[in-house]
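[1] Next input, structure requested:
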Amino acid sequence: MKNYLRSKSLPLAVVLLLSAWQSFAQAPCCNILTNGDFELGGTEFTSGLPLNCACAASSYCIGNNFQVKCSGWPNLADHTSGGGKFLLVDGSSSGPVDIWQYATQINANTSYCFCFWVANVYSNTFDLALTVGGVQVPGAVFTVQGGAAWSQYCFNFSGVSGNSIAIRQVTGGGFRDFGLDDIEFGAPITPNFGFSPDATCGMNLSFFNQSTGPAPLTYQWNFNDPNSPANT
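    Here you go, the predicted structure:
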């Protein structure tokens, strides 16, 4: 794909090039999940815990506030918008369990990125882990800090394979109650493009995409040129 910018000088072109790069680089990971924010309810994932919106241990619910699950829990809304939904987890008291699991093929020769937001009901810390095909990914252990506030955890990985990816509650216990929201999973995108003088059009420059990532890639050009259409 080519895009042409008429410029009187190369420095202006370079300034515009840097501006386009900063805009392009804002989304480095291709998120393939369509319900990572749980706005679609209980679709797209499975859980090792049963669905139960009563205040009962070893179960989960989907709601817009901690207190939907247990009235004595803190008053905390979802991370996405403050008015949406998230996964409410009254954790397992007896041992490891995959709280959230997504069925997809993971290939050992591909690099992946994974992020999620978590909020703790209590002040006690505990560990969550990332698993692929039921096996914990080396180094992918996240210590959830105490307190009812949203924190993000991210991990990039490769060299493992399986037919699912999951967030695992590593140990059982009475203080493993938390919320999950805005899970993102995909393959990293490397944004890049080049440019060269266009010999057929005087001082025009030809810009071409050189980004890499999982197909199909979509992109837009924007040079902040008032004489060009928006999102050229």
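[2] number of nearby residues for Ala56?
    12 (other CB atoms under 10 Å). Where you see a C-beta, it was placed from the backbone N, CA and C, and this is true even at glycine.
[3] Next, the contact list for it, please.
    Contact analysis of Ala56 by CB atoms under 8 Å, 6 or more residues apart in numbering lists Asp90.
[4] Distance check, it against Leu49.
    Using CB to CB, to the nearest Å, Ala56 is found at 10 Å from Leu49.
[5] Return the distance of the strand or helix carrying Glu184 from the chain's centre.
    Element membership for Glu184 (DSSP states H and E) is strand 177-188. Centre-to-centre, strand 177-188 and its host chain are 6 Å apart (CA atoms, centre = their mean, to the nearest Å).
[6] Partner strands of that strand and their direction?
    If you go by DSSP bridges, strand 177-188 pairs up with strand 29-31 (antiparallel), strand 86-90 (antiparallel), strand 112-120 (antiparallel).
[7] Using PDB, write down the CA coordinates of whichever helix or strand comes after that strand.
    Using DSSP H and E, the helix or strand that follows strand 177-188 in sequence is strand 193-197. Extracted in PDB, the C-alpha atoms of strand 193-197 (Å, rounded to 0.1, in the frame of the first residue of the first chain):
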ATOM      1  CA  PHE A 193       6.900   1.800   7.700                       C
ATOM      2  CA  GLY A 194       9.300   3.300   5.300                       C
ATOM      3  CA  PHE A 195       9.400   6.100   2.700                       C
ATOM      4  CA  SER A 196      11.300   7.000  -0.400                       C
ATOM      5  CA  PRO A 197      11.300   9.800  -3.000                       C
END
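[8] List the contacts of the host helix or strand of Pro138.
    Using DSSP H and E, Pro138 sits in strand 135-144. Strand 135-144 has contacts (CB under 8 Å, 6+ apart) with 114, 118, 120, 125-131, 151, 153, 155, 157, 160, 162, 168, 170, 178.
[9] Can I have the buried ones of those residues as a PyMOL selection?
    Only the buried entries of these go into this PyMOL selection, using 16 or more other CB atoms under 10 Å:
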select buried, resi 114+118+120+126+128+129+130+131+153+155+157+160+162+168+170+178
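[10] quick one on the thing from earlier: buried sites along the strand holding Pro138?
    So, applying 16+ other CB under 10 Å, buried residues of strand 135-144: Gln136, Val137, Ala140, Phe142, Val144.
[11] Return the member of these nearest to Trp100.
    Phe142 (13.1 Å; CB to CB).
[12] Among the buried residues of strand 135-144, which pair sits farthest apart?
    Distance extremes for those: the farthest pair is Val137 and Val144 at 17.0 Å, using CB to CB.
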